[in-house]
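J.: generate a structure from the sequence data that follows.
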Amino acid sequence: MASWILVPCLVTLRSEFNALAPGRDKASDGSIGDTAHSQSSSDHNPDETGSTPYEDADSINEVHAIDVDKDLRRSGWTMLKAVEIIVVRHRQGRDNRLQNVIYNRRIWSRAWGWTARAYTGANAHTQHAHFSARYTTAQERDTRPWGLLEAEDDDMATITQSDFNARMDAWWNARMSPTARDNPQRNALRVAPWQQTVGRTGRTTHDVLFTDMHTLLRQAAEDNPEQVAQLVVAAMDNQAIADAVVAALADPQRSSEETAATLRTALGDRAGEIGRLLAA
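T.: Okay, here's the model as predicted:
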């Protein structure tokens, strides 16, 4: 049994990358492993003729992993952004087809809830991202969209952790003294919003913060949709975005208690710590 195929779900994922970034570099793309992979257990090996970490229920000779070159050559897109969109969908239970993702010395796995850990394998995966599919039949054959094109259609539909960090850094660096820029509270905020669920809502702090912020911005700029498109979608002016959110929260029709409740919801378990930080 010399021939092999790629599992259908990963065929779809590769096609979605191609549709998102037609001019992307493919030099580091791959599926079936090389000789080094064949000497060990790897998702890059065909599951009927090679050594793999798991076994599936069929007798089709399938490869369960792809590598996608990091250079998407698409304005506003990086491989980290694409990885985060896919990982967040798995963390939120919106997708369940992958076993793990590896990129730039980090690994995300369904085995520990899709939080990032350091990856110390021989290949640091700095030139490409690695995606391993599960070996269950339903997931192998699931060819639904992966969410990349959905995010392309609405830039605010999926704001990733790296997007948040960039915007927070711009805000922080403009307002804090150099001696305050590397304090523990700031470092905690770079991670916390994506690891916490708000109350019993089932929504992450990340989702509440940016989805609700987007709603507030649209309400605040109802009289000028062109402006809100420039501020939110293009995200060119962090100060203007912050001012618009503050203006929306300061709505005279909203009581101080309602404003406080909105902020507590957005900040989740970090509300108290952020309050102490602002008061410092």
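J.: any idea how far E55 lies from N45?
T.: Applying C-beta to C-beta, to the nearest Å, the value for E55 to N45 is 12 Å. Every C-beta, even on glycine, is put in place using the N, C-alpha and C of the backbone.
J.: neighbour count for the two, which is higher?
T.: Between E55 and N45, counted using other C-beta atoms under 10 Å, the more crowded position is N45 (22 against 9).
J.: what pLDDT is listed against that one?
T.: The per-residue pLDDT reported for N45 equals 95.
J.: that one touches T35, doesn't it?
T.: No. When contacts are counted by C-beta atoms under 8 Å, N45 is not listed as touching T35 (11.0 Å).
J.: wait, Q127 touches V68, no?
T.: No. With contact defined as C-beta under 8 Å, Q127 does not count as touching V68 (10.3 Å).
J.: need the overlap of contacts for those two.
T.: Counting by C-beta atoms under 8 Å, 6 or more residues apart in numbering, the shared contacts of Q127 and V68 are S28.
J.: compare those two (neighbour count), which wins?
T.: For Q127 versus V68, neighbours defined as other C-beta under 10 Å are more numerous around V68 (26 against 16).
J.: so how far is T136 from the more buried one?
T.: Using C-beta to C-beta, one obtains 22 Å as the distance from V68 to T136.
J.: next: Y103.
T.: Computed as C-beta to C-beta, the Y103 to T136 distance reads 23 Å.
J.: out of the two, which sits in the more crowded spot?
T.: A direct count of neighbours by other C-beta under 10 Å for Y103 and T136 places Y103 higher, at 26 against 15.
J.: how much space between that one and T115?
T.: Remark: distance between Y103 and T115 (C-beta to C-beta) = 14 Å.
J.: phi, psi for A118 please.
T.: Main-chain torsions, A118, degrees, to the nearest 10: phi -70, psi 140.
J.: who does it form a beta bridge with?
T.: R106 (DSSP bridges).
J.: tally of neighbours for it?
T.: Using other C-beta under 10 Å, the number of residues around A118 comes to 7.
J.: wait, it touches W108, no?
T.: No. At 11.5 Å, A118 does not count as touching W108 under the criterion of C-beta under 8 Å.
J.: state the helix or strand in which F131 lies.
T.: For F131, the element it lies in under DSSP states H and E is strand 128-133.
J.: for that strand, which strands pair with it and how are they oriented?
T.: Next to strand 128-133 in the sheet, as set by DSSP bridges, lie strand 65-69 (antiparallel), strand 98-103 (antiparallel).
J.: worst-scoring helix or strand of the protein, pLDDT-wise?
T.: Least confident helix or strand of the chain, by mean pLDDT, DSSP states H and E, is helix 238-249 with a mean of 49.
J.: what about the stretch 1-150 of the chain, any weak spots by pLDDT?
T.: 1-2 (pLDDT under 70).
J.: helices of the stretch 1-150 of the chain, start to end?
T.: Secondary structure of the stretch 1-150 of the chain (DSSP state H, counting those that start in this stretch): helices located at 8-20, 35-38, 79-91, 137-140, 148-153.
J.: OK, contacts around the closest residue to S59 other than its chain neighbours?
T.: Closest residue in space to S59, ignoring its immediate chain neighbours: E48 at 6.5 Å, by C-beta to C-beta, 6 or more residues apart in numbering. Residues in contact with E48 (C-beta under 8 Å, 6+ apart) are M1, W4, S59, I60, N61, E62.
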